[in-house]
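In: Model the following, please.
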Amino acid sequence: WYQRRVRGGVYHLPNYGPLAYAGIVGFYHVLEKVASANDTGHALCRNLCEGWWQADYTVSRLKGKHLELGFFLDEVISALREIPNYTRPRVFEVIIRSVYSACLRRIAEIIPGIRNPARGRKLVNDSWFVEQLMLTSVQLMGKVGDTGIPASPDVRGPVESMAAGLPHFSHGFMRCWGRDTFIALPGLLIATARFDDARKLVVGFARTLRYGLIPNLLSERGHRPRYNCRDAVWWWCRSVKLLYEHRPSILSETVHRLFYKDDTPVAAHNPFVCTVLDVITEVLERHAAGIEFREENAGRALDEHLLDPGFDMSAGVDPETGFIRGGSQHNCGTWMDKVGSSWEAGNKGIPATPRDGSAIELVAMGYQTVSWLADMNESGISTTSEVAMNTGSFKKVVTLKEWSKKIKESFEEKFWCNDGYYKDTVGSNSGCDEKLRPNQTFAMAIAPELFNECHMAFALKTIGTRLAGLVGMSTLSPLDENYEPHYDTSNSGNNYRTAHGFNYHQGPEWVWCMGFYLRAKLLDFLRQKRERSEGDGTPEDDGFKEDVAQFYATVLTFHRSMISAEPYRGLTELTNGGGEHCAGSCPTQAWSSACILEFLMEYERDFLQDSF
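Out: I've put the predicted structure just below:
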């Protein structure tokens, strides 16, 4: 069996099962727990006592990928082959632990963001948790030949890409999602100071702009991307803005486009070259003009679940409010993208959460991007000062400043709900505007200036009471009639709301949403801190900072335990209600670790800067 395993795949431990990773961490995670419990009867120990197969597997694999380390380990293990069988587990544990520690030191040399050992001490007692979150950027980034991220013409070989999660999204066209990549990029690459890697992903996806959108999924070779989401392009814009704060040159990066502005493929003899700033400008211009198209190759071969009207895509701007809007009740263009697949239950082809109209986080990101481009125009970085906005009957020239102002003036009036929270959407034809969901916290963290501070504080109390779970945020209020917190894709029953996992975003608790909730809470804590220092007589040392730190430390206790216990050494995609384990969840998800890490960095910078 060893010969079969060594040719590819992870090590399969008899009476235990396959390890999570083929590399050092696969063994290290198990050995760490065996050593701490002194469990000499563990399957791993028994396997080592029977033979050196684990060592041979490790050496053989490393020789094919890291020659120097592979041959070094071969020499070490060869010198130890005659030791008594019962000593092998201890010796192997020392070897693996030493190599793992050496790898961590090397990673710290390569990735600047991991070098600061002080990070996290005020929040989680030591730096271990922050370090583990940062290491997920190593775990989820890599060069995989079939991901489809289009490299610039002068780049040969595969381009480094980010897996949405492991093991479900490890390779192929399912590895690298536009939406997931740019939700996770600020935490996994900017917070860890991997600016060049961030630049490559920003430019790579900029090449694919079509219809004014960034694709949700790339084909395995990158030439047939699927443009069935409305939000990926706004997460991309947000990532560019955050990267610009560290690398202003990102705006002038050259982009070799795959599609002309008329959305036809670029011909080899007539290249289309622009800059990242040009791409941002085009995104705003295309949305202002209105976007309508039908997906290429629409039909069951493209998506076996979606009904025919669902292939008709639209996005644009509401001329009255300036809000980004789009979609229909037949498709789902944001991250809540579950489409039913059960004929028996009657949800086949039905989007569970279409979120058509103006989704609150898209409005916030649209506002942020418009305002940013307006500021760049005033400072002379951009020459764009206005767009032609489609009003329905004619196009009206609107300055970026006017557009930004229109959004800000309309936001509270349209989104505030008298039930004590913000609407999830405005103008939906699906009757779902006033659903209580966590998406409003994304908008709070991204564009807090849109919110009335008192309303925001009240909404956060409502959200904390109804949506906050142990490690994630419930995707729907438990008071909603459609609330179903237990996700199971194998459910073949006839319950419309749960069959084939139709309730993916109707109650299960998603971990990445917790990061934005904690950031929104941070803004409210900063408001309270400001008010205390502006004259209410409250002494600065009354324990407020310690109370805030305790709040966050308590919330993140479960995340810390999870990343320690999980063989994949990451934070899961989602849990069922009450933090219960969900078998269908990806055990390590890029945006889960990223959004918690992004919060930690913001907390350190904005709240604890005088203590670090």
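
In: Let's verify Gly142: helix, strand, or coil?
Out: Here Gly142 is recorded as strand under DSSP: H, G, I helix; E, B strand; the rest coil.

In: There's contact between it and Glu160 in this structure, I believe.
Out: Yes - with contact defined as C-beta atoms under 8 Å, Gly142 counts as touching Glu160 (6.4 Å). Every residue, glycine included, has its C-beta placed from N, CA and C.

In: those strands in the stretch 351-500 of the chain, which residues are they?
Out: Counting by DSSP state E, counting those that start in this stretch, the segments of the stretch 351-500 of the chain that form strands are 358-359, 386-390, 395-399, 416-417, 421-422, 425-426, 473-474.

In: Would you format the ones you listed as JSON lines with mean neighbour count and distance to Ile350 included?
Out: Below are these laid out as JSON lines (neighbours: other C-beta atoms under 10 Å; distance: least, C-beta to C-beta, whole Å):
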{"stretch": "strand 358-359", "mean neighbour count": "31", "distance to Ile350": "19"}
{"stretch": "strand 386-390", "mean neighbour count": "19", "distance to Ile350": "30"}
{"stretch": "strand 395-399", "mean neighbour count": "14", "distance to Ile350": "35"}
{"stretch": "strand 416-417", "mean neighbour count": "18", "distance to Ile350": "25"}
{"stretch": "strand 421-422", "mean neighbour count": "26", "distance to Ile350": "26"}
{"stretch": "strand 425-426", "mean neighbour count": "25", "distance to Ile350": "17"}
{"stretch": "strand 473-474", "mean neighbour count": "26", "distance to Ile350": "22"}
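
In: Include distance to Leu284 and mean pLDDT when you put those strands into a markdown table, please.
Out: A markdown table is the format used below for the strands of the stretch 351-500 of the chain (distance: least, C-beta to C-beta, whole Å; pLDDT from 0 to 100):
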| stretch | distance to Leu284 | mean pLDDT |
| --- | --- | --- |
| strand 358-359 | 16 | 98 |
| strand 386-390 | 6 | 96 |
| strand 395-399 | 11 | 95 |
| strand 416-417 | 26 | 97 |
| strand 421-422 | 24 | 98 |
| strand 425-426 | 20 | 98 |
| strand 473-474 | 30 | 98 |
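
In: Redo the ones you listed as JSON lines? Include distance to Cys49.
Out: Written out in JSON lines, the entries for these read as follows (distance: least, C-beta to C-beta, whole Å):
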{"stretch": "strand 358-359", "distance to Cys49": "58"}
{"stretch": "strand 386-390", "distance to Cys49": "71"}
{"stretch": "strand 395-399", "distance to Cys49": "75"}
{"stretch": "strand 416-417", "distance to Cys49": "64"}
{"stretch": "strand 421-422", "distance to Cys49": "59"}
{"stretch": "strand 425-426", "distance to Cys49": "61"}
{"stretch": "strand 473-474", "distance to Cys49": "46"}
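
In: mind showing which ranges of this protein have poor pLDDT?
Out: Along the chain, segments meeting pLDDT under 70 span 1-8, 115-126, 148, 220-223, 535-541, 609-612.

In: can you tell me the distance between the two ends of stretch 584-597?
Out: Between the start and the finish of stretch 584-597 there is a gap of 24 Å, counting by C-alpha to C-alpha, to the nearest Å.

In: List the buried residues of that stretch.
Out: 584-597 (16 or more other C-beta atoms under 10 Å).

In: Which ones among those lie within strands?
Out: Of the buried residues of stretch 584-597, the ones assigned to strands by DSSP state E are 588-589.

In: between the buried residues of stretch 584-597, which is nearest Leu201?
Out: Of all the buried residues of stretch 584-597, the one sitting nearest Leu201 is Ala590; the distance, using C-beta to C-beta, is 11.6 Å.

In: contacting residues for the closest one?
Out: If a contact means C-beta atoms under 8 Å, 6 or more residues apart in numbering, then Ala590 has 136, 140, 162-165, 180-181, 183-184, 188 as its contacts.

In: And those, which is closest to His330?
Out: Using C-beta to C-beta, Asp180 is the member of the contacts of Ala590 that lies nearest His330, at 23.3 Å.

In: Can you give me the neighbour number for that closest one?
Out: Other residues lying near Asp180 total 25 when counted by other C-beta atoms under 10 Å.

In: ok, which stretches of the stretch 1-150 of the chain are strands?
Out: Remark: strands of the stretch 1-150 of the chain, listed N- to C-terminal, are 12-13, 17-18, 141-143; assignment by DSSP E, counting those that start in this stretch.

In: quick one: strands adjacent to the first one?
Out: According to DSSP bridges, the neighbouring strands of strand 12-13, each with its direction, are strand 17-18 (antiparallel).

In: same deal with the longest one?
Out: Sheet neighbours of strand 141-143, with direction, are listed as strand 160-162 (antiparallel) (DSSP bridges).

In: Not counting the partner strand itself, show me its contacts.
Out: For strand 160-162, with C-beta under 8 Å, 6+ apart as the criterion, the contacting residues are 140-144, 147, 149, 175-176, 180-181, 184-185, 188-189, 197, 200-201, 590.

In: And for stretch 37-45?
Out: The contact list for stretch 37-45 (C-beta under 8 Å, 6+ apart) reads 13-16, 27, 30-31, 33-34, 54, 89.

In: now stretch 288-304
Out: When contacts are taken as C-beta under 8 Å, 6+ apart, the neighbours of stretch 288-304 outside the stretch itself are 211-213, 224, 226-228, 263, 308, 310-317, 326, 339, 341, 387-390, 395, 398, 403.

In: Cys582 belongs to a strand?
Out: No - when three-state DSSP is applied, Cys582 is found to be coil, with no strand at that position.

In: what sits against it?
Out: Cys582 makes contact with 486-487, 508, 572-576, according to C-beta under 8 Å, 6+ apart.

In: could you dump the contacts of Ala590 to JSON lines with secondary structure?
Out: Rendered in JSON lines, the data for the contacts of Ala590 read as follows (three-state DSSP):
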{"residue": "Thr136", "secondary structure": "helix"}
{"residue": "Leu140", "secondary structure": "helix"}
{"residue": "Met162", "secondary structure": "strand"}
{"residue": "Ala163", "secondary structure": "coil"}
{"residue": "Ala164", "secondary structure": "coil"}
{"residue": "Gly165", "secondary structure": "strand"}
{"residue": "Asp180", "secondary structure": "helix"}
{"residue": "Thr181", "secondary structure": "helix"}
{"residue": "Ile183", "secondary structure": "helix"}
{"residue": "Ala184", "secondary structure": "helix"}
{"residue": "Leu188", "secondary structure": "helix"}
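
In: related to what we said a few turns ago, which two in the contacts of stretch 37-45 are spaced the farthest apart?
Out: Maximum distance among the contacts of stretch 37-45 (C-beta to C-beta): 17.8 Å, for Pro14 and Lys33.

In: More neighbours: the two, which one.
Out: Lys33 (15 against 12).
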